[in-house]
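**Q** show me the folded form of this:
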Amino acid sequence: MKKIFKPILSAVGSGLFRVKPLSRHIANSRPPAASARHETSAPSRYRVETLEPRILLSGDSSLLAPLITGAIDAPGETKPYVFTLDTDTKVIFDSLTPNSGLDWSLAGPGGAITTQASISTSSGVMNLQAGQYTLNVDGTGSATGNYSFRLINLGQAATINVGAPVTDQFSATDDINAYQFTARIGDQIQFQPQQINGGDASWYILDSRGDIAGSGSTLTGTPQTISLASTGTYTLVMQATGGATGLAVPLPYSFVIAPEGNIPFTLPQGTAINLDSEVDGYLANSAQQDVYNFSLTRQTLINVQSLEYSSSPISFQVLDANGAVAGGSLQGFGQNASSDFVSLAAGNYAIVLGSTEAGINFAFQVSRYRLLRVAR
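**A** The predicted structure is shown next:
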């Protein structure tokens, strides 16, 4: 089977590049777009312009790039890499370097994403917004040495079919492979590891919003059944767990995601609420889940926002007939404790709240926003 991911960085030569908009592509490039109360910047295509002969990068996230390799040759040296994302993207930093003396950092439009993380450890899923990013590699103290890594775009993981056996391999002792498949709300699937020769791997399955639907720490254990809570695309991420010295590579493995039927989903029913109005409640224990319902008569942009400060973890999900469409936490207050803005079609919805703690007061509001057509 061919390699199953497309890294975001791609080597294009021995120069440090910047990405510069081509103004001729901006005018009339797309029809007017909708925005929430403010105008968004115009989309643009890019060209690569050499600044100085130093480092190597293109911002084109659609390219299947080779492994990124380099070296910190002297104490205090920093190697920067620059790339641009045209759309919001889920990304994993895939470490292929056992040198714990080297670090990596990532900064983007919103500031620092990761600071001084060991390059010997892969990251979790990073939800990166569109924009330009700089990834720096440097040494800790006087450390030097070679390094290699990939940035994996989970949106470009290889597609697999539920019920079809998959055979692949890890090419390094901490390598990460990713796959995607589609499923319906209520689907019951079973992750069945079938074979791994000479090592092991951990795995987890993400839903379309990036929440973990199921996970495991081994490919040698018993099959695990998972109930899927929404309709859409799911991503399976697998990582070899051999560490710096453990495995001989390549490391072949096989598995199957087996269908186990479907349990039909019914939208939960609870207390009817009005939009743009405060809702107060109390969670007496960790087993309690409060359900609230609302309806929309047309396409509407909404978000769910906390109106009372809480130091306790209060989670919520917004559900439609196909399952979860948004979610978040009410821990904190205001914009620091809210869902993302989400555009919902006309229909019936439920909000389900719960907590891992007991005796928690909460207050929230489902707010509506106008969609403005912005002319360019």
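**Q** domain parsing for the chain?
**A** 10-154, 157-262, 271-374 (automatic domain parsing).
**Q** where along the stretch 101-250 of the chain do the strands fall?
**A** Assigned by DSSP state E, counting those that start in this stretch, the strands in the stretch 101-250 of the chain fall at 102-108, 111-118, 126-128, 131-139, 145-153, 158-159, 166-170, 176-183, 187-196, 201-206, 212-216, 224-227, 232-240.
**Q** Leu251: which of these is closest?
**A** strand 166-170 (4.3 Å; CB to CB). Glycine gets a C-beta too; all of them are placed from N, C-alpha and C.
**Q** direction included, what does that closest one pair against?
**A** Taking DSSP bridges as the criterion, strand 166-170 forms sheet pairs with strand 251-262 (antiparallel).
**Q** quickly run through the sheet partners of the helix or strand following the partner strand, with directions.
**A** Sequence order places strand 271-272 as the next helix or strand after strand 251-262, per DSSP states H and E. Strand 271-272 pairs in its sheet with strand 290-296 (parallel), by DSSP bridges.
**Q** list the buried ones in the helix or strand following the partner strand?
**A** Downstream of strand 290-296, the first helix or strand assigned by DSSP H and E is strand 300-310. Within strand 300-310, the residues that qualify as buried are 300-306, 308, 310, counting by 16 or more other CB atoms under 10 Å.
**Q** chain center to strand 300-310: distance?
**A** Mean-position distance between strand 300-310 and its chain equals 22 Å (CA atoms, centre = their mean, to the nearest Å).
**Q** now stretch 284-300
**A** So, by CA atoms, centre = their mean, the centroid of stretch 284-300 is 25 Å from its chain's centroid.
**Q** could the domains of the chain be laid out in CSV, adding mean pLDDT?
**A** Converted to CSV, the domains of the chain look like this (pLDDT from 0 to 100):
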stretch, mean pLDDT
domain 10-154, 67
domain 157-262, 86
domain 271-374, 85
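**Q** follow-up on the earlier one: out of the strands of the stretch 101-250 of the chain, flag the one nearest Val342.
**A** Using CB to CB, the nearest of the strands of the stretch 101-250 of the chain to Val342 is strand 232-240, at 13.7 Å.
**Q** next, count neighbours for Gly186.
**A** As a burial measure, Gly186 scores 18 neighbours (other CB atoms under 10 Å).
**Q** beta partners of Ser215?
**A** Applying DSSP bridges, one finds that Ser215 bridges with Tyr204.
**Q** compute the distance between it and Phe93, please.
**A** From Ser215 over to Phe93 the distance is 19 Å, taken as CB to CB, to the nearest Å.
**Q** looking at those two, which one has more neighbours?
**A** Phe93 (22 against 14).
**Q** quick check: bridge partners of that one?
**A** Leu151.
**Q** wait, it sits on Met126?
**A** Yes - if you go by CB atoms under 8 Å, Phe93 and Met126 touch, sitting 7.3 Å apart.
**Q** what touches both of the two?
**A** 106, 114 (CB atoms under 8 Å, 6 or more residues apart in numbering).
**Q** tell me, how many residues neighbour Leu96?
**A** Count around Leu96 with other CB under 10 Å applied: 20.
**Q** from Gly232, how far off is it?
**A** 31 Å.
**Q** now swap in Thr144 and tell me
**A** Distance, Thr144 to Gly232, using CB to CB: 45 Å.
**Q** and Gly101, by the same measure?
**A** Taken as CB to CB, the span from Gly101 to Gly232 is 41 Å.
**Q** so how many other residues sit close to Thr220?
**A** Residues near Thr220, counting by other CB under 10 Å: 12.
**Q** for Pro98, the count of nearby residues, please.
**A** 16.
**Q** ok, back up a step: okay, the domains of the chain, which one's buried deepest?
**A** Counting by mean count of other CB atoms under 10 Å, domain 157-262 has the highest mean neighbour count of the domains of the chain, with a mean of 17.
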